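**Student:** I need the structure of the sequence given here:
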Amino acid sequence: MSNKHTTSDVILIGAGIMSATLGSLLKELAPDWNITLFEKLENAGEESSNVWNNAGTGHSALCELNYTPEKPDGSIDITKALNINEKFQVSKQFWSYLVTNNLIENPQDFIMPLPHMSLVHGENNVRFLKKRFNALSENPLFEGMEFSDDPEKLKEWMPLIMKDRTVDQPIAATKIDSGTDVNFGVLTRKLLNHLENQNVNIRYNHTVEDLQRTDDGAWEVKVRNFEDNTLEYHTAKFVFIGAGGGALPLLQKTGIPESEHVGGFPVSGQFLVCKNPEVAEQHTAKVYGKAAVGAPPMSVPHLDTRYIDGKKTLLFGPFAGFSPKFLKTGSNMDLLGSVKPNNVFTMLAAGAKNVPLTKYLIQQVMLSKEEHIQALREFVPDAQSQDWDLVTAGQRVQVIKDTEDGGKGTLQFGTELVSAEDGSIAALLGASPGASTAVSIMFEVMEKCFPEQLDEWEPKIKEMVPSYGKSLRDNPELVHDIHETTAKKLGLTDESQANPV
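**Tutor:** Predicted structure coming up:
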């Protein structure tokens, strides 16, 4: 049995969009650093970043109604929507930099222009959408948003949804044409191909089994090489755990105080996929509705055009499911194995608080194919069962932690960065809208873990992301410049966009 030992400056765990983004940033900022990446599967972007596991992407808060809650006084809180949109603009700037410098090619392989819409029914929901539109459209980040409660206008915007629809109650929608569809699996593979060309050592079929602190403050990572079933030991001054649902168990192995009182709750998703090209051709947009009363935020129904392998595809969902696995390729013991003495009360408190969520998941798991189609018919009235297949999406592990405002065992719907006090190790936990905001999250990693280098790196960071350190929401001219520049470089304008289908 081989016991190979190597030393790197940086170790990245997981070949998904997060590690690929951090590696790409660090290679631009510190080209001499030695970086090694470990991935337990045979290829890049096969778990949370995979196009089928990450259904509905392009999150920029243009249409997701759960990002703009109504406050008790009736006003709309747009803080989260502004925050997510701004972070997506940061991602687009970095991708534009990579394309401009020929570090990745053919952006149309991973990003396509696509209108984003929100659709609601009923007097109260129409009133809410109108208030949301008024609040957002005043901000430069949401410039170009339109509102209509005219069924004839909505037929132009979303013909498939309005076809054969009985309009017996108020109906309204918003539309913004600057939305996109992003295939993060393709983007991940492009980034990792670029890193391999930059001599980053990417090791597939290698799974991390343990992490131990060394006497000099570095980290020794114990890795199993599946190709010959040997153990290897790799040491680095900095480790990033970007292993999707697999990040929590690895974080727990580090033993850092920040890993305590943190748990995870796995939720799987299912989508209906249209297999009739004639139906798929009638819809070109991402259209989000409102979650049912009492349903969790990740259950917001949406009918999404996706571009997968150059082909226009139509998906509807999500339908929640439950599996104790933390990864699609994980173990049925993942959830049980994540319960530790330091988080058992956090996990029990979360269980007690989330009885409605548990009931909701059980109901969703029990749905028949015809019940899935019935849900679809709220969006597509004449949907035919034979035109749609049910596909299982990826696993998401929602973070459970103790918080000041939520108390013990609060379930978090979002991403959570956990890092050691000395910045030697960091892990990313949680789910949506993670991938769309990956560049901003990796800047946060660098600010926490490489504070000494930031001053030296800042000029280069601003070259890659011109808005770095500035607030876009208060700067209409900068927003306009960025929209124009990124649209041109990423091929999102009419002049630069070839027909992909």
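**Student:** Okay, buried residues for stretch 304-323 please.
**Tutor:** Neighbour-count burial for stretch 304-323 flags 304-308, 312-321, 323 (criterion: 16 or more other CB atoms under 10 Å). The C-beta positions use only the backbone N, C-alpha and C, and glycine is treated the same way.
**Student:** and of these, the nearest to P341?
**Tutor:** Of all the buried residues of stretch 304-323, S323 has the smallest distance to P341: 25.0 Å, by CB to CB.
**Student:** those helices in the stretch 1-150 of the chain, which residues are they?
**Tutor:** Here the stretch 1-150 of the chain has its helices, by DSSP state H, counting those that start in this stretch, at 17-29, 79-100, 123-137.
**Student:** The stretch 351-500 of the chain now?
**Tutor:** 355-365, 369-377, 438-449, 454-464, 476-489.
**Student:** what does the last one contact?
**Tutor:** Residues external to helix 476-489 that are found in contact with it (CB atoms under 8 Å, 6 or more residues apart in numbering): 89, 92-93, 95-96, 99-100, 107, 113, 140-141, 143, 178, 466-467, 470, 472, 492-493, 496.
**Student:** do the same with the fourth one
**Tutor:** The contact list for helix 454-464, computed with CB under 8 Å, 6+ apart, reads 25, 28-30, 93-94, 97, 443, 446-447, 450, 468-469.
**Student:** partners of the longest strand seen in the chain, with directions?
**Tutor:** If you go by DSSP state E, the chain has its longest strand at strand 388-403. Taking DSSP bridges as the criterion, strand 388-403 pairs within the sheet with strand 262-274 (antiparallel), strand 407-412 (antiparallel).
**Student:** how far does the shortest one sit from the chain's center?
**Tutor:** Relative to the chain's own centre, strand 407-412 is displaced by 21 Å; criterion: CA atoms, centre = their mean, to the nearest Å.
**Student:** Least confident secondary structure element in this structure?
**Tutor:** helix 355-365 (a mean of 78; mean pLDDT, DSSP states H and E).
**Student:** what comes up buried for it?
**Tutor:** Neighbour-count burial for helix 355-365, counted by 16+ other CB under 10 Å, picks out 357, 360-361, 364.
**Student:** ditto for stretch 37-46
**Tutor:** Judged by neighbour count (16+ other CB under 10 Å), stretch 37-46 contains these buried residues: 37-41, 44-46.
**Student:** coming back round to it: which of the strands paired with strand 388-403 has the lowest mean pLDDT?
**Tutor:** The minimum mean pLDDT among the strands paired with strand 388-403 belongs to strand 407-412 (a mean of 82).
**Student:** That one to helix 355-365, inter-axis angle?
**Tutor:** Interaxial angle, strand 407-412 versus helix 355-365 (axes from the mean of the first three to the mean of the last three CA atoms, to 10 degrees): 30 degrees.
**Student:** can you pull the alpha-carbon coordinates of strand 407-412 into CSV?
**Tutor:** Taking C-alpha atoms only, strand 407-412 is exported to CSV below (Å, rounded to 0.1, in the frame of the first residue of the first chain):
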residue,chain,number,x,y,z
GLY,A,407,-32.9,30.3,18.3
LYS,A,408,-31.5,26.8,18.6
GLY,A,409,-31.8,24.5,15.5
THR,A,410,-32.7,27.1,12.9
LEU,A,411,-33.0,25.8,9.4
GLN,A,412,-31.2,28.1,7.0
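**Student:** quick one: contacts of it?
**Tutor:** 263, 265, 345-354, 357, 398-403, 430.
**Student:** Swap in 6 Å and give it another go.
**Tutor:** With contacts defined as CB atoms under 6 Å, 6 or more residues apart in numbering, strand 407-412 is touched by 346, 349-350, 353-354, 398-400, 402-403.
**Student:** Restrict those to the buried ones and give me that as a PyMOL selection.
**Tutor:** Only the buried members of the contacts of strand 407-412 enter the following PyMOL selection, criterion being 16+ other CB under 10 Å:
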select buried, resi 346+349+350+353+354+398+399+400+402
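**Student:** V223: which of the contacts of strand 407-412 is nearest?
**Tutor:** V399 (25.7 Å).
**Student:** thought that closest one was touching L429?
**Tutor:** Yes: V399 is within contact range of L429, at 4.9 Å (criterion: CB atoms under 6 Å).
**Student:** so what's in contact with those two at the same time?
**Tutor:** Going by CB under 6 Å, 6+ apart, residues that sit against V399 and also against L429 are E416.
**Student:** For the stretch 151-300 of the chain, which segments count as helices?
**Tutor:** 151-157, 159-162, 184-197, 247-254, 277-280.
**Student:** Using CSV, write out the CA atom coordinates for the fourth one.
**Tutor:** It stands for helix 247-254. Extracted as CSV, the C-alpha positions of helix 247-254 are listed here (Å, rounded to 0.1, in the frame of the first residue of the first chain):
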residue,chain,number,x,y,z
ALA,A,247,-18.8,19.5,2.9
LEU,A,248,-20.5,19.1,6.3
PRO,A,249,-19.0,15.7,7.2
LEU,A,250,-15.5,16.9,6.1
LEU,A,251,-15.9,20.1,8.1
GLN,A,252,-16.8,18.1,11.2
LYS,A,253,-13.6,16.0,10.7
THR,A,254,-11.5,19.2,11.1
